[in-house]
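Novice: need a structure here:
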Amino acid sequence: MPTRPTKDLETFPNPEPSRDYTVRIRVPEFTCLCPKTGQPDFAELTLEYVPDALCVELKSLKLYVWSFRDEGAFHEAVTNRILADLVTALAPRFMRLRADFNVRGGIYTTIVAEHRDPDWAIPPRIELP
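Specialist: All right, here's what the predicted structure looks like:
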């Protein structure tokens, strides 16, 4: 049976839940459709998060991202929807999603959306000599 896109996001237990660390995931081939023209929009997504109890399983993320290929969505709406779905699935300490959309009509669009658990404090930055 061939692989199909899905909105299901699978998770696995964070292997180091007592430590703050950052997971960075680059998705260079995101596509959706312009809701006005139906033409394809292309973007590179960069996901950064500090996990709490759960991490996202990468194959499920790939299939989730693929599920937007035939959907019409404004850049702002699709970026915030993806962030909301990931926050719902993972409940991270912090998450940032950056969507860099390719040119359309001579205009580039970048959307950055963030989530922060109100009980999480950002650790102080350490400058090494």
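
Novice: can you list the low-confidence ranges for the protein?
Specialist: Applying pLDDT under 70 to the chain flags the ranges 1.

Novice: which residue ranges of it form helices?
Specialist: Counting by DSSP state H, the segments of the chain that form helices are 58-66, 75-90.

Novice: let's have those helices in a markdown table, adding distance to Gln39 and mean neighbour count.
Specialist: The way it works is simple: take the backbone N, C-alpha and C, and place the C-beta from them, glycine included. Output for the helices of the chain, formatted as a markdown table (distance: least, C-beta to C-beta, whole Å; neighbours: other C-beta atoms under 10 Å):
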| stretch | distance to Gln39 | mean neighbour count |
| --- | --- | --- |
| helix 58-66 | 18 | 16 |
| helix 75-90 | 13 | 17 |
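
Novice: just put those helices in CSV and tack on distance to Pro35.
Specialist: What follows is the helices of the chain, written out as CSV (distance: least, C-beta to C-beta, whole Å):
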stretch, distance to Pro35
helix 58-66, 18
helix 75-90, 8
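
Novice: count the residues that sit near Val56.
Specialist: Residues near Val56, counting by other C-beta atoms under 10 Å, number 22.

Novice: how about the contacts made by it?
Specialist: Residues in contact with Val56, defined by C-beta atoms under 8 Å, 6 or more residues apart in numbering, are Leu9, Glu10, Thr11, Val23, Ile25, Leu86, Ala89, Leu90.

Novice: perfect, that will be all.
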